[in-house]
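>>> Quick one, what's the 3D model for this:
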Amino acid sequence: MSLPPNLDHSTAKSYNLDMIQMMCRGNESQILSMISVFISQISTSINDIKIAYTENDFIQIKKLAHKIKPTLTYFGTAKLEKEFIDTELLISTETSSTELEVKIKNLQLLADEVVTELKNDFKITN
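Numbers count the residues shown, from 1 in each chain. Below is the predicted model of the structure:
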């Protein structure tokens, strides 16, 4: 099995696996395993953030955002990582706002984009 290239020159990817490949020393099965875990974790974390927001549980939102942020760095998801940082700044006010709600929706959209690309590129069906 051969992993797809990180960059299709016709379109830029929303992720970069250079760090993951380095961490896994090129072990393709380990890379695929990490991608599967990432897909599961990011989807769950975003959903948990949305639930915590509806409950005005800003402490939980902060914990979830803090927990997932390093993973975003490992997977080279710069746009998604920036959105998390911007969202964390809004969360620090611990007040509901239209802007924070929009940021959380943007997190979902960007995460969905990354997940879809990874699933398509690596032929992951779950």
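>>> Excluding sequence neighbours, find me the nearest residue to residue 50.
residue 104 (6.0 Å; Cβ to Cβ, 6 or more residues apart in numbering). In this view, the C-beta of every residue, glycine as well, is placed from N, C-alpha and C.
>>> Now name the helix or strand holding that neighbour.
Using DSSP states H and E, residue 104 sits within helix 98-121.
>>> and the angle for the helix or strand harbouring residue 33 with helix 98-121?
Counting by DSSP H and E, the element that carries residue 33 is helix 28-54. Between the axes of helix 28-54 and helix 98-121, defined by axes from the mean of the first three to the mean of the last three Cα atoms, to 10 degrees, the angle is 160 degrees.
>>> Counting neighbours, which bits of whichever helix or strand comes after helix 28-54 end up buried?
Using DSSP H and E, the helix or strand that directly follows helix 28-54 along the chain is helix 58-74. Within helix 58-74, the residues that qualify as buried are 58, 61-62, 64-65, 68, 71-72, 74, counting by 16 or more other Cβ atoms under 10 Å.
>>> Please apply the same query to stretch 107-114.
Buried residues in stretch 107-114, counting neighbours by 16+ other Cβ under 10 Å, are found at 107-108, 110-111, 113-114.
>>> Buried ones in the helix or strand bottoming out on mean pLDDT in the chain, by neighbour count?
When the helices and strands of the chain are scored by mean pLDDT, DSSP states H and E, helix 78-91 comes last with a mean of 88. Within helix 78-91, the residues that qualify as buried are 80-81, 83-84, 87, 90-91, counting by 16+ other Cβ under 10 Å.
>>> Need the contact partners of that helix.
14, 16, 58, 61-62, 65-66, 68-69, 72-73, 97, 99-100, 103-104, 106-107, 110-111, 114 (Cβ atoms under 8 Å, 6 or more residues apart in numbering).
>>> swap the cut-off to 6 Å and go again
With Cβ atoms under 6 Å, 6 or more residues apart in numbering as the test, helix 78-91 has contacts from 58, 61-62, 65, 69, 72, 100, 103, 106-107, 110, 114.
>>> and the angle from it to helix 98-121?
Using the same axes, to 10 degrees, helix 78-91 lies at 160 degrees relative to helix 98-121.
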